[in-house]
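Asks: Predicted model and sequence below, questions to follow.
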Amino acid sequence: MPAAAISPQPVEGRRGMVVSDQALASAVGAEILRQGGNAVDAAVAVGYAQAVVNPCCGNLGGGGFMTLRLADGRAFVVDFREMAPGAATADMYLDAKGAAIARASLDGWRAVGVPGTVMGLDTALTRFGSLPRAVVMAPAIRLAREGFLLTAADAAILATGTQAFKADPTLAAIFLRDGLPLQPGERLVQADLAATLEAIAGDGPDAFYRGAVADKLATASAAGGGLIAKADLAAYRVPLRQPVTCSYRGYDIVSAPPPSSGGTALCELLNVLEAYPLGYLGFGSADTVHLMTEAMRHVYVDRNSALGDPDFVANPVDRLTSKAYAAAIRAGIDRDRATPSRDLGPGVAPHEGGQTTHYSVLDAAGNAVAVTTSLNAYFGARVMAPGTGFLLNDTMDDFTIRPGAPNLFGLVQGAANAIAPGKRPLSSMTPTIVTRDGKPFLVLGSPGGARIITAVAQAIVNVIDHGMTLQEAVDAPRIHHQWLPDLIYAEPFALSADTVRALAERGHRVVLQQPWGAVEAILSADARPAGAPLPSFADDTLKLWQPSPGTVYGANDNRRPAGAAAAP
Ligand code: GLY
C-alpha cells in the first residue's frame, strides 16, 4: 500500500520507459524508442551515450551484463564482462611475502581487464536490435563532439576524480579546465571520444579490438606497466548466456548468471525470504531486518566462495537457487538470535566449500532490457590511452587478490574467483527482469559493488511485500549485510533507534553509512495485482495514486541526482 507521501510519483508513460542515472542518456533512449527502435536499440544507444555523459561509470573501457527478455518470452544475458589479460597470474598483486600490494589491483594500467562494452553492445544490437549501428550511436557521437552542459550533479561526480585527473595530463586536458574542476554550466566536449565512437559506428567492434584504437591501448598499457596486449583485445569474446531464473511469491525472476554472482545470490536470497511474512512483519521492523540480515549473511558465504567464471570453474547455480537449499538455510536461522559470521563459512553446512551504473528499458511491445555496466571504481583505473578519449576499468580488483584479503567492496573471496589468463572476475551485477503471468512487471538493477544484490532484492521486496509505489521502493532507505564484516550497514532513517536496540539485543551490530547504490527501475502496472485498499481518513490522496491500465512507471534513484526516467 503506497504511503502517497514519502516519494514523488514516478514518471509515467504508456509506450515504454527508459531510466538511467544520467538524464541526457535516458533522453537518448526515449528518442530511439520514439523513432521506432526496440528496447535493445534504445539500451545500446543509452550505453554509448552513458560513455559520454557519465564518464565515472558509463564506459567504452569497462564491461558488464545485459539481461534481456523479449516479448515472446525468450531471455538471454549478454556477458560483456572484462577478461584477465593473457599474461595475468594468480599472484600478480602480491609482494614477495605473499601480502596484497596496496591498491595494485585498483590504480593504473596493471589494474585493467580487457574491456567488453563495445563488443557487448554490438552483439546485443546485431542479435536483437532493429536499427543500424550508425543510428543508435549518432546521439552519443553528437554529445561527445558538440559537448553537453554539466548540471550540478554531473559536476559533483566529476569533482570526485580531481586528484586523479591532476596526476595525468591526458585526463587533465579533458576533465579539468586550467587545472581546476569543471563547474556546473560548463560544456564538456570530448573530441577524441567522438572520433573513437565514429570509428566504431563505421567499422564495428573491429575498430576497437583490432584497429588504431587497439594499437593505442596496447602501446599505452605497455608504457604504463600494464599487461593488455593486442592479442588480448583480438581474442576478446562475448558469450550469450542463459539467465538465472527463480520465482518469488508468484512472480518470475530473470537475472544475470556467472560470471556475475548477481542472479544466483538474488534468487538464493529471495528463496530464503519467501517463507517469511515480511509484509506482515513490516518494513524496517527488527523482525524483518533480522531475517533479511540472516538470509544475506548465508547468501554471501556462497557468493564469495562458490562462484566464478563458468568457463573456468563449475558453479552450483541449480543447487544454490533451489527451494530445498533455501529451506536448509532457513533451518539454520534462529528467529531471535544473530548467527555470528565466524560460525559460518565455506564447508560449514549448508554451505560448500562500485561504482557502477545501471539502466533499464521497456518498449511498447514488451521487450525488456536491464544493463549494469562499470569501470569498477569511479573512473576505473584512472588511465586513458592518449588519443582514445575513454577511461579504462580497474575490474581486476573483483578477482580474489589473495584468499582472505578484502577487495574494494570489503568482499572476502575464495579460490573459485582466482586470477587466471582469459578469466572473467566474479561480479555482483544484478540486471534483473521480474515478470508476472509472462508479462514484464519490473526491470531493474543498481550500481554498488557487493551491495548491488541486496539493493535489488530490497527494491523487489518493497514492491511485492510492502506494496510500495516504484519510487517509494527505490527511495526507501536500505540495509546491507555481506557475511564479512559481521555488520549490518544501514542508511540514514532505515532503522529507528529502538529498532537498532532491538537488533543489538539479538546480537547484531548496526553501522550507519552514507546512502549507496542507485536502483534504476521500471514497473508495468498491468502486471501488478491490485492490493487490498486501506481504509482512508479522507479519500483525497489514495485515489490520486491508483495506476491506470497500460501505465508504465519509471523511477530514477535520487541517490544519483543526475539521473532521470524518460518516457518516449
Ligand atoms: N565491479 C563491481 C562488480 O562487478 O560487482
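Replies: Right, received. Where do you want to start? Residues are numbered from 1 along each chain as shown.

Asks: So which bits of the stretch 251-400 of the chain are right by the ligand?
Replies: Residues of the stretch 251-400 of the chain found near the ligand, taking CB under 6 Å from any ligand atom as the criterion, are 354, 356, 374, 376, 395, 398. For glycine as for every other residue, the C-beta is placed from the backbone atoms N, C-alpha and C.

Asks: Present those as TSV; the columns should include pLDDT, distance to residue 235 and neighbour count.
Replies: What follows is these, written out as TSV (pLDDT from 0 to 100; distance: CB to CB, whole Å; neighbours: other CB atoms under 10 Å):
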residue	pLDDT	distance to residue 235	neighbour count
354	63	26	30
356	91	25	30
374	96	21	32
376	95	21	33
395	97	17	34
398	94	20	31
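
Asks: Tell me the one of those nearest residue 470?
Replies: Among these, residue 356 lies closest to residue 470 (CB to CB), at 20.6 Å.

Asks: my guess is the closest one contacts residue 371, does it?
Replies: No: in this structure residue 356 lies outside contact range of residue 371 using CB atoms under 8 Å: 10.4 Å.

Asks: Need the residues touching each of these two.
Replies: residue 64 (CB atoms under 8 Å, 6 or more residues apart in numbering).

Asks: Please enumerate the strands of the stretch 51-200 of the chain.
Replies: Taking DSSP state E, counting those that start in this stretch as the criterion, the stretch 51-200 of the chain contains strands spanning 63-69, 75-80, 148-149, 176-177, 180-181, 187-188.

Asks: of the ones you listed, which approaches residue 507 most closely?
Replies: It is, among those and with distance given as CB to CB, strand 63-69, at 35.7 Å.

Asks: Pull out the buried residues from the closest one.
Replies: The neighbour-count check on strand 63-69 (16 or more other CB atoms under 10 Å) flags 63, 64, 65, 66, 67, 68, 69 as buried.

Asks: Let's have those residues in JSON lines, adding distance to the ligand and pLDDT.
Replies: JSON lines is the format used below for these (distance: CB to the nearest ligand atom, whole Å; pLDDT from 0 to 100):
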{"residue": "63", "distance to the ligand": "8", "pLDDT": "98"}
{"residue": "64", "distance to the ligand": "8", "pLDDT": "98"}
{"residue": "65", "distance to the ligand": "9", "pLDDT": "98"}
{"residue": "66", "distance to the ligand": "14", "pLDDT": "99"}
{"residue": "67", "distance to the ligand": "14", "pLDDT": "99"}
{"residue": "68", "distance to the ligand": "19", "pLDDT": "98"}
{"residue": "69", "distance to the ligand": "21", "pLDDT": "98"}
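
Asks: Out of the residues you listed, the closest to residue 549 would be?
Replies: residue 69 (21.2 Å).

Asks: pLDDT score for the spatially closest residue to the closest one that is not a sequence neighbour?
Replies: Of all residues not flanking residue 69 in the chain, residue 75 sits nearest, at 4.3 Å (CB to CB, 6 or more residues apart in numbering). We have a pLDDT of 98 for residue 75.

Asks: give me the number of residues near residue 75?
Replies: Residue 75 has 18 neighbours, counted by other CB atoms under 10 Å.

Asks: Kindly report the same for residue 243.
Replies: Neighbour count for residue 243, taken as other CB under 10 Å: 20.

Asks: How about residue 563?
Replies: Residue 563: 25 surrounding residues under other CB under 10 Å.

Asks: roughly how far apart are it and the ligand?
Replies: Here residue 563 is placed at a distance of 19 Å from the ligand (CB to the nearest ligand atom, to the nearest Å).

Asks: just residue 162 next, same as before
Replies: Taking CB to the nearest ligand atom, one finds residue 162 at 22 Å from the ligand.

Asks: Name the nearest residue to that residue, ignoring sequence neighbours.
Replies: Among residues not flanking residue 162 along the chain, residue 181 sits closest, at 5.0 Å (CB to CB, 6+ apart).

Asks: isn't that neighbour right next to residue 156, touching?
Replies: No: using CB under 8 Å, residue 181 is not in contact with residue 156, being 9.5 Å away.

Asks: of the two, who's got more company?
Replies: The residue with more neighbours, out of residue 181 and residue 156, is residue 181; 17 against 14, by other CB under 10 Å.

Asks: Quick check: bridge partners of that one?
Replies: Residues in a beta bridge with residue 181, per DSSP bridges, are residue 176.

Asks: Enumerate every residue touching it.
Replies: Contacts of residue 181 by CB under 8 Å, 6+ apart are 155, 158, 159, 162.

Asks: burial count for the closest residue to the first one other than its chain neighbours?
Replies: Which is residue 155. Excluding the flanking residues, the one nearest residue 155 by CB to CB, 6+ apart is residue 184, at 4.7 Å. For residue 184, the neighbour count with other CB under 10 Å is 12.

Asks: what's the spacing between residue 184 and residue 515?
Replies: Residue 184 sits 22 Å away from residue 515, going by CB to CB, to the nearest Å.
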